[in-house]
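Student: How does the following fold in three dimensions:
(chains A and B)
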There are 2 protein chains.
Amino acid sequence: MYGYKGKVLRINLKERTTNVEPLNMEDAKKFIGGRGLGTKILCDEIDPNIDALSPENKLIIVSGPLTGTATPTGGRYMVVTKAPLTGTVASSNSGGYWGAELKFAGYDAIIVEDKADSPVYIDIKDDKVEIKDASHLWGKVVSETTEILEKECDDKVKVLTIGPAGEKLSRIAAIMNDKDRAAGRSGVGAVMGSKNLKAITVKGSNNKADVHDADKLKEVFSRSIKKIRDNGVTGQGLPTYGTAVLVNIINENGVLPTNNFQEAYYEDAEEISGETLAEKYLVKREACYRCPIACGRYCKVDDIEGGGPEYETIWAYGSDCGISNLGEIIKANYWCNELGIDTISAGATLAAAMELYQKGYIKDEELDGTPLKFGNADAVVEWTKKMGLREGFGDKLADGSYRLTEMYGVPEFSMTVKKQELPAYDPRGIQGHGLQYATSNRGGCHVRGYLISPEILALPEKLDRFSLEGKATWTKIFQDLTATIDSLGLCLFTSFALGAEDYADLYNAVCGTDHTAESMLEAGDRIWNIEKLFNLKAGIDTSEDTLPERLLKDPIPDGPSKGWVHKLDELLPKYYEERGWDAKGIPTEEKLAELGIAGEAMEPVAAE
Amino acid sequence: MYGYKGKVLRINLKERTTNVEPLNMEDAKKFIGGRGLGTKILCDEIDPNIDALSPENKLIIVSGPLTGTATPTGGRYMVVTKAPLTGTVASSNSGGYWGAELKFAGYDAIIVEDKADSPVYIDIKDDKVEIKDASHLWGKVVSETTEILEKECDDKVKVLTIGPAGEKLSRIAAIMNDKDRAAGRSGVGAVMGSKNLKAITVKGSNNKADVHDADKLKEVFSRSIKKIRDNGVTGQGLPTYGTAVLVNIINENGVLPTNNFQEAYYEDAEEISGETLAEKYLVKREACYRCPIACGRYCKVDDIEGGGPEYETIWAYGSDCGISNLGEIIKANYWCNELGIDTISAGATLAAAMELYQKGYIKDEELDGTPLKFGNADAVVEWTKKMGLREGFGDKLADGSYRLTEMYGVPEFSMTVKKQELPAYDPRGIQGHGLQYATSNRGGCHVRGYLISPEILALPEKLDRFSLEGKATWTKIFQDLTATIDSLGLCLFTSFALGAEDYADLYNAVCGTDHTAESMLEAGDRIWNIEKLFNLKAGIDTSEDTLPERLLKDPIPDGPSKGWVHKLDELLPKYYEERGWDAKGIPTEEKLAELGIAGEAMEPVAAE
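Tutor: I've put the predicted structure just below:
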C-alpha cells in the first residue's frame, strides 16, 4: 500500500536484538498511523498499569502514512509510550526532518523494548541497524550529542536524542530531534533515559515516495498550498511572527496566564511578543520537512543562538513567571533545548515554584541565593539549568509542578490537568478550550483540540468564547480531527486552513484509500476512544477530567475576561453525551462497536 | 548614523596587519552601502587596469545599511573587486547569514589587500581580528572547510570560504558562505584564491541594531511584509516552488535557452521544473537572514543532499545541456557548491563545450571516455568535478566558455556578454531583458535589472516582450532600482512586491535619511555611472555592450518565440540617450555633474 513502508523495526535493548516485522496493515488502515497506530500497538503490547520508567514500558516511535511524502508539512513523527508525568498514554509529536528520514530508511515505526545494561544509541542506515555504545555521549547536551553523532555516523544522518534531563529521568524531559525540535510533553525523554537509550540516528537513501495517484496529489497539493498561503494565520501571522504572534492576541482577550494563573492579563505583553522577537532577536525562519509555513524561529541574544522560542515557551517563562525580558527567555529556551526539557512544563513549574515562594512555602535557604520570585529573569535561566541537571533545589523542580507543590502540601498551586502543566490560555475566558483541557487524554494540552481557533481566531468560524452553546460538539470535532492529523503525519497548523475533506483527499491521493471527511473524523473518534480506554485501564478515572480548582472557583481578577470562571460542571455531561459515553465518561459498548473496536483494546496482551 | 556601524576593517595579507578605519560617511550617504559604496572604494583605491588576479587587486566585502537590521531580507553582502572573468567591476551578492553577522561584529566593510605568502584565513570576533594559518584547509571542499572552522573558531561562527576552484584561480570560481549561499559570479572566488585567502569567519555579539525610528520601521515592515505575502510571485510562486517555479513559465514563453542557445523551447521542461523538484526531491525550504519568502530549497537524491538547486542552475545544467534528469542536476549543483564554482557559468560552459563537441571541435580523445554530448547527464556531474579541480580537460573548462571556445577559434559559440555567461532567458524573445544583458556593467547577468518581471511576469505591469517601445526607459529604471536594492543590503526578490518608495521608507526608518522614491533611483543612477566609469577606464569600451552574434542574427527556430532575433541596434542608442550618455555610450560631463560625481571617479588613486 502506498504511503506506508510496511515495516516495523523492533529493537530489544536487553537482548540487543533488532528485528524487522511486517506492519499490520489492518491496524494501519483502521488507526491510520502515527498517534493512532502507535496507541494501538501500545494497547496491544503493554499492561497500562506498569511503571512508566520500568523496562516493561515500550517506546514506540511512529510516522504517519504522509510522513516523508510530498504533502504540505508531511514530516512528523510521534512518540507513543506510557507517560512518566501523567500515567496516561503519551503521544508526543515532533517536526523537523528525523521522521521523514525514518521513512526514507524504510520503516513506519520503531518499537524499543526493555533496557540496555549500559548507555547505547541505535544507528539506522536503511537495512543496517546497529546498537552502539553511547558511554561517551552520556551527560552531553543535545547540540553536542548531535554533532558528535553526525561525525561518527555520517555527515547527513538525522539525530534524535535526549539531553541530561532524560538521562536523569526528569518527568518533564523531552525527546529532541534535529537539535531544536522536540517531542516535548509528558516526560517521554525519561522513558528513553530509563532504557539507557541516548539517541537514535537515521539515514535513509530512498526519498522517492511512490504515491497512488501522482496527478491527483499534485492537484490537492496545489489547492492545499493555496489555502495555506491565503489564510491569515498560516499565510501571514505564523510565517511573519512565528507562534509568538499569539502573545498580543491572547493578552488582548484577557486570557494570557500571568503569575501562575493568578491573573490573566499581562501589562508587559508587548515586550515578549512575536513582534518584539522579530524586531530585536530574529535571525531566520526555519521550516520543517516540506513545510510551506515556516513558523520556526532562530534567534540570537548575546552569545546565545538557536531554535525558538515558541509562543508556549515565551508565555510559560514570560507572563506566567511575570518576566518581560525576552532576551532571558530566549536563554532559558536555549537551555531547555540543550538539556532536553519540555519548555511548557519547565516554565510552568518555575511559575508554581514562584507562587510557593511568594506565599512562603519555599524558603530562601532552599534556593542557593537565587530567589524564585515572580519577575526574576536571571533566576529562571539559572534554575532551568539546575532543573535539567537535577542540581540542588533543581532536583525538586525536575518532576514538574504537581509533584513539587505536593511536597509542600499545596497541589492546588499546580496548574495541571492529570499532572501535566496547562498551556498558555486561561480557560476561564475560553470555555470550549477549557473543556478540551479537562478531557484531553494526555492531560493539560492545547494540541489535542485547539478551540482557540474558533473561540479566538474565528477559524473556521467565530464562536462566542464565553458561551457554552455548542462547545461540547465543537470540542469533540476538534479532538477527533486533531487525532486524525497527528496520525497522518502532518502538522496541526495546517488545520487553520484545511478541513477534514482536504486531509481525506491528501490521504487518498498518496495511499489509495477512499476516505471522506466523515470517515476521517470517525477514525479520529476511534483513536480518541482507544486512548481513553488505555487511560481507564491505567487507573486514570474520569475524576481526573477536571481543571485546577482555581480556574473553577476564582474569577479572573482583571482585564478583558474579568469575572469569569470555567463552567466545567455544565459542559462535561454534554461532552460525555456527545462522545456516546456514559454519565461517568466511560465509552459504552455500543459506541465501541460502532467504531469497530468493541472489546479490542480492553484486554491488554501482557508485555512480551 | 543609524544602520551603519561606521567602521571599515582593512587587512593587509602581506604585512599581516589589521586596522579599523572610520567609514567615510559622505560616501556612505552618496553611494548608500553594499554595491554602491564598494564600487566607490574600488574606484578610489585600485587602478582599473591591473590584472584581477594580481596582489594589486583588492577584495572589498561590504554590507548595506539595512544588512543585519529588522527589515525583510536584510541580510545581504556584496563582494566588490576587479573581476577575473570579465575585467569589469565585479559585484557579487550573497544572502545567508554571514553578511548580517559581519554587522553584528561591528563592521560595514572589509577591505582585503595584497597577498599572503601562504594560505591563511581571517577570524573575526567583534574587535578581535586574527589572521590564521589555513594550510590544513587548502584543498578542502566548502562543507568540510566550514565544519572544521566551526569547530576551530566557535560553534556559532559564520563561515565564508572558497572551494578548490577558487584556490586554483578558476575564473568562474565563487565565494561561498553558510555552506550553500554563493557570491557566485565573475570569478570573485579566484581573487580570494590569488590572495592565498581561504576563508573569513565572523562572530558578532551585538545583533540589537538601533534604528532611527522604531515605530516607523514597524509600520513600514508590516506594510512591506503584507505586500510580499500578497504578491503572487513572492507570496506563492517562490515560497512553494523556489526559483525553479520559472522553468515552466519561461519555457511556455519559448525563451528557455536549450542546447547552448541553439533553441529556446525545451520539450522536457516539466521534468526539470520546480513542480517536479517539489514532488520528488525537496526536503525543506531555507530562508536567509530575516527573509519572509524562503525561496531556498534543500534537496536530496540518493546519498547526496544539500542546498539548491536554483532555477539558474537547473536551466544551465538542464535545458541548456539538453538534460532532463533532475536528480543528476542536483548532484552537479552539489559539486558546484562544494568546489565553489558559479553554477550559471559552469553549466553554460559545459553547454558550450557540448556544442564544440557536437560540431567536431572537441574530439573524443580529449575527453577521457566521458563525451560531452548534449543530454549526457553523467558527463555533467563528472566534468563539473574535473572543472572545479582543473583535472584533465577540466582545466580548459575552468575559465569559462569564452576562453574555452576561443581556444578552438570559435568564440561565437560562447553565449556571453563581456565574457560572462548569459543566464536563463533567451533575449530574442524578451527585447528589454536583452538590452539589459548587453548593457550590464558586469557582463551577462539577469540581476542587474530583471526585465523578466514586466515582460513575462507582468510586474508591476505587463509589457509586450517583443515590442521595443519604452524598453530603454524601463531598462534604466530597473537597472537603477536594482543598484539601490543591492546597495541597501536587501534581496532583489523583494522588488516583485515593493517599489522605490518602500525602499526609501525602510531606509529612512532605519537610518534617519530623507530619501524619496526619486532620490533612491537617482542614487542607483549614480552607482550605475561609477561602475560604467570603472569599466571604461579598465578598457571595456562600449563595443562590448553587445550580445552574442547568434542572438542578433539567427532567429529562434521553434516554439512560442519562433522567428525572433534581438534588435539591439535599435535599442542601444535609445538606451544611451535615456542614460544621458553620448552616442558612444560615454557618460557626459553634464550627467556626471547632475549626479554629483563630476570627475570624481575619473582619476583613480594608485593602489597603496
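Student: May I see the buried residues of the longest helix that chain A contains?
Tutor: Using DSSP state H to assign secondary structure, the helix with the most residues in chain A is helix A:517-537. When neighbours are counted by 16 or more other C-beta atoms under 10 Å in any protein chain shown, the buried residues of helix A:517-537 are found to be A:520-537. No exception for glycine: its C-beta is placed from N, CA and C like everyone else's.
Student: just checking, what packs against it?
Tutor: In this structure, helix A:517-537 packs against helix A:25-31, helix A:34-45, strand A:89-94, helix A:471-488, helix A:500-511, with contacts taken as 3 or more C-beta pairs under 8 Å, 6 or more residues apart in numbering or on different chains; DSSP states H and E.
Student: Just list what the shortest one packs against, helices and strands only.
Tutor: With contacts defined as 3+ C-beta pairs under 8 Å, 6+ apart, strand A:89-94 has these neighbours: helix A:34-45, strand A:77-82, strand A:175-177, strand A:181-183, helix A:188-194, helix A:517-537.
Student: how about TSV for the ones you listed, with mean pLDDT and distance to residue A:369 added?
Tutor: Formatted as TSV, the helices and strands packed on strand A:89-94 follow (pLDDT from 0 to 100; distance: least, C-beta to C-beta, whole Å):
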stretch	mean pLDDT	distance to residue A:369
helix A:34-45	98	44
strand A:77-82	98	37
strand A:175-177	98	31
strand A:181-183	98	31
helix A:188-194	98	29
helix A:517-537	97	42
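Student: neighbours of the residue nearest to residue A:531 when sequence neighbours are not counted, just the number please.
Tutor: By the measure of C-beta to C-beta, 6 or more residues apart in numbering or on different chains, the closest residue to residue A:531 outside its immediate chain neighbours is residue A:441, 4.0 Å from it. The tally of other residues near residue A:441 (other C-beta atoms under 10 Å in any protein chain shown) stands at 26.
Student: One more: residue A:541?
Tutor: The local packing count at residue A:541 equals 12, with neighbours defined by other C-beta under 10 Å.
Student: State whether residue A:282 and residue A:297 are indeed in contact, as I suppose.
Tutor: Yes: in terms of C-beta atoms under 8 Å, residue A:282 counts as a neighbour of residue A:297; the distance is 6.0 Å.
Student: about what we covered before: just the angle for the longest helix of chain A relative to helix A:500-511, thanks.
Tutor: Orientation of helix A:517-537 against helix A:500-511 (axes from the mean of the first three to the mean of the last three C-alpha atoms, to 10 degrees) gives an angle of 90 degrees.
Student: Could you double-check that the residue nearest to residue A:531 sits in contact with residue A:86?
Tutor: No: using C-beta under 8 Å, residue A:441 is not in contact with residue A:86, being 9.4 Å away.
Student: just checking, next helix/strand downstream of the helix or strand containing residue A:551?
Tutor: Assigning secondary structure by DSSP states H and E places residue A:551 in helix A:549-553. Downstream of helix A:549-553, the next assigned helix or strand under DSSP H and E is helix A:568-579.
Student: Quick check: beta-bridge partners of the most centrally placed residue in chain A?
Tutor: Computing the C-alpha centroid of chain A and ranking residues by C-alpha atoms, centre = their mean puts residue A:92 first, at 4.2 Å. Partner residues in beta bridges with residue A:92: residue A:79, with DSSP bridges as the criterion.
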